[in-house]
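**Q** missing the sequence, but the structure's below:
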């Protein structure tokens with residue numbers, strides 16, 4: 001049997017509901033026969049032979065599947081909009097490019113169970129009336145690209161993809177497209193622009209991609225995990241899916257746990273799981289856990305670990321699910337420096353199209369640098385809030401609107417750490433060496 005181990009940087013932890021990843025280590029990711037013996041492509045067959053396009057969308061709606069790419073938009077609503085849109089040709093795009101490098105879920109699926117992801121793509125294409133599909137993958141995920149392309153070739157040879165699928169008049173040509181990794185590609189219009197050969201920058205909506213997307217055709221953009229869930233639902237039914245997770249957000253989520261935990265890695269948990277339980281799945285904290293940064297650069301810091309890992313509660317706490325990023329901070333973690341880390345990443349990843357994002361994120365980083373150097377201007381703490389508000393109010397895309405999140409939540413929940421840095425040059429966590437920046441000296445001062 002072919003080696004089915006994931007790349008060294010991806011570890012599957014034992015905690016949680018192992019649903020999507022149950023086949024990793026058991027199913028050979030390079031073998032179509034192995035996947036079919038485990039029930040693979042039964043969901044595609046059920047959709048084509050029993051449910052039909054509208055019935056498939058109804059099944060996804062009854063399951064309550066919400067997008068796992070961060071926004072949590074109802075998947076069935078997106079599929080229905082694409083299906084009802086005018087156009088002779090339609091497209092499905094699986095987004096495996098727009099990812100924070102610490103979010104490992106889509107990569108784990110592509111490397112460990114590529115046929116599951118491909119089956120989800122084909123089911124989405126059947127439901128929306130798409131005849132073309134693109135799986136957009138980060139160029140540096142070489143194992144994922146190799147296995148996805150092999151899966152497409154195997155499925156085409158078995159008449160499960162390509163032309164006249166399963167002997168019906170449904171055809172869908174699937175291609176795997178490599179692209180440069182970019183946070184902005186998490187915004188669907190930016191991804192589509194990049195796939196068309198333009199600079200990856202978001203555009204004002206409407207029209208939405210489901211109305212006019214890739215090449216002007218109605219396009220359904222989903223991240224890989226959402227499509228894998230769709231394949232699971234088509235196979236097992238909406239009732240079994242709803243039996244997992246919370247009432248408002250059924251199902252599971254792949255969570256990348258890292259930071260101050262004993263066993264960093266990837267875990268699959270039911271939505272509604274308490275943050276403290278996620279920490280426990282990763283072997284517990286290595287010290288006294290202070291907070292969890294949930295949702296990556298567009299998320300926020302949550303100190304109440306009894307908070308449910310769910311779309312609503314996380315949003316109310318100033319964070320979000322994002323792509324499953326979960327950074328654990330303990331009492332030795334400086335929250336000011338952590339906020340600066342996230343903001344600096346957002347500033348470096350900014351596409352440059354919108355002035356509030358291009359300039360605003362850099363100004364926020366500069367302000368934090370002054371605070372960390374114990375040389376703030378009198379109104380710097382106020383400036384952090386005012387500039388963040390203006391960025392959010394004038395944002396072109398959700399990545400820009402959410403960029404201040406880690407900083408604002410730490411400023412709200414750990415204000416003493418900001419004041420200690422700014423006023424006394426002291427890091428309460430003992431993690432930073434604060435050296436005040438000397439005042440600028442005029443070159444004419446000696447005259």
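**A** Cool, got the structure. Being a predicted model, the structure only gives us computed values, none of them experimental.

**Q** name the helices or strands packed onto the helix or strand of the chain with the lowest mean pLDDT?
**A** Least confident element among the helices and strands of the chain, by mean pLDDT, DSSP states H and E: strand 12-16 (a mean of 78). Counting contacts by 3 or more C-beta pairs under 8 Å, 6 or more residues apart in numbering; DSSP states H and E, strand 12-16 packs against strand 252-259, strand 265-270, helix 275-281. For every residue, glycine as well, the C-beta is placed using N, CA and C.

**Q** Which one, of those, ends up nearest to residue 356?
**A** Evaluated over the helices and strands packed on strand 12-16, closeness to residue 356 peaks at strand 252-259, with 28.9 Å, by C-beta to C-beta.

**Q** what is the orientation angle of the closest one with strand 265-270?
**A** Put simply, strand 252-259 runs at 140 degrees to strand 265-270, going by axes from the mean of the first three to the mean of the last three C-alpha atoms, to 10 degrees.

**Q** Need phi/psi at residue 112.
**A** With angles defined as degrees, to the nearest 10, residue 112 sits at phi -100, psi -20.

**Q** What of residue 225?
**A** The main-chain torsion angles of residue 225 are listed as degrees, to the nearest 10 and equal phi -70, psi -40.

**Q** What are the contacting residues of whatever helix or strand residue 346 lives in?
**A** For residue 346, the element it lies in under DSSP states H and E is helix 335-349. The set of residues external to helix 335-349 that reach it, using C-beta atoms under 8 Å, 6 or more residues apart in numbering, is 100, 182-184, 290-291, 293, 296-298, 301, 327, 329, 361-362, 364-365, 368-369, 371-372, 399, 403-404, 406-407, 410-411, 413-414, 417-418, 421, 427, 429, 431-432.

**Q** Out of the residues you listed, which end up buried?
**A** Among those, those buried by neighbour count (16 or more other C-beta atoms under 10 Å) are 100, 182-184, 290-291, 293, 296-298, 301, 327, 329, 361-362, 364-365, 368, 371-372, 399, 403-404, 406-407, 410-411, 413-414, 417-418, 421, 427, 429, 432.

**Q** Now, the residues you listed that are in helices?
**A** Secondary structure of the buried ones among the contacts of helix 335-349 is defined by DSSP state H; positions in helices are 361-362, 364-365, 368, 371-372, 399, 406-407, 410-411, 413, 417-418.

**Q** of all those, which two lie farthest apart?
**A** Taking every pair in these and measuring C-beta to C-beta, the maximum separation is 26.0 Å, between 399 and 417.

**Q** ok, back up a step: go through the ones in helices among the buried ones among the contacts of helix 335-349 and name the one nearest residue 112.
**A** Distance to residue 112 across these (C-beta to C-beta) is lowest for residue 399, with 27.8 Å.

**Q** Nearest the geometric middle of this structure, what residue?
**A** Central residue check for the chain by C-alpha atoms, centre = their mean: the C-alpha nearest the mean position is that of residue 323, 2.2 Å away.

**Q** Which residue, other than its chain neighbours, is closest to that residue?
**A** Nearest residue to residue 323, sequence neighbours excluded (C-beta to C-beta, 6 or more residues apart in numbering): residue 103, at 3.7 Å.

**Q** what's the answer for residue 143, then?
**A** Beyond its immediate neighbours in the sequence, the residue positioned closest to residue 143 (C-beta to C-beta, 6+ apart) is residue 111, lying 5.0 Å away.

**Q** How about residue 158?
**A** residue 32 (6.2 Å).

**Q** Let me see the contact set for the one you found.
**A** Going by C-beta under 8 Å, 6+ apart, the list of residues near residue 32 reads 40, 115, 151, 154, 155, 158.

**Q** Next: residue 228.
**A** Going by C-beta under 8 Å, 6+ apart, residue 228 touches 20, 109, 113, 116, 117, 120.

**Q** hmm, 10 Å instead?
**A** Listed by C-beta atoms under 10 Å, 6 or more residues apart in numbering, the contact set of residue 228 reads 19-21, 68, 94, 105-106, 109-110, 113, 116-121, 222, 254.

**Q** go on, residue 252?
**A** By C-beta under 10 Å, 6+ apart, the contact set of residue 252 is 16-21, 68, 225, 229, 232, 241, 244-245, 267-271, 273.

**Q** In three-state terms, label residue 240 for me.
**A** Reducing the assignment at residue 240 to three states with DSSP: H, G, I helix; E, B strand; the rest coil gives helix.

**Q** My error: substitute residue 173 in the last question.
**A** The assignment at residue 173 comes out as strand when based on three-state DSSP.

**Q** Check what pLDDT it gets.
**A** For residue 173, the pLDDT comes out at 98.

**Q** What's opposite it in the beta bridge?
**A** residue 132 (DSSP bridges).

**Q** gap between it and residue 152?
**A** Plainly put, residue 173 is 9 Å away from residue 152 if you go by C-beta to C-beta, to the nearest Å.

**Q** Have a look at those two and say which one is more surrounded.
**A** Set side by side, residue 173 and residue 152 show more neighbours around residue 152, with 23 against 15, by other C-beta atoms under 10 Å.

**Q** Backbone dihedrals for the closest residue to residue 265 other than its chain neighbours, please?
**A** Of all residues not flanking residue 265 in the chain, residue 11 sits nearest, at 3.4 Å (C-beta to C-beta, 6+ apart). Note on residue 11: backbone dihedrals following degrees, to the nearest 10 are phi -120, psi 130.

**Q** Contacts only, for residue 11.
**A** Applying C-beta under 10 Å, 6+ apart to residue 11 gives the contacts 104, 108, 257, 263, 264, 265, 266, 267, 282.

**Q** Which residue comes closest to residue 100 once chain neighbours are left out?
**A** In space, residue 100 comes closest to residue 296 once its chain neighbours are excluded; the distance is 4.4 Å by C-beta to C-beta, 6+ apart.
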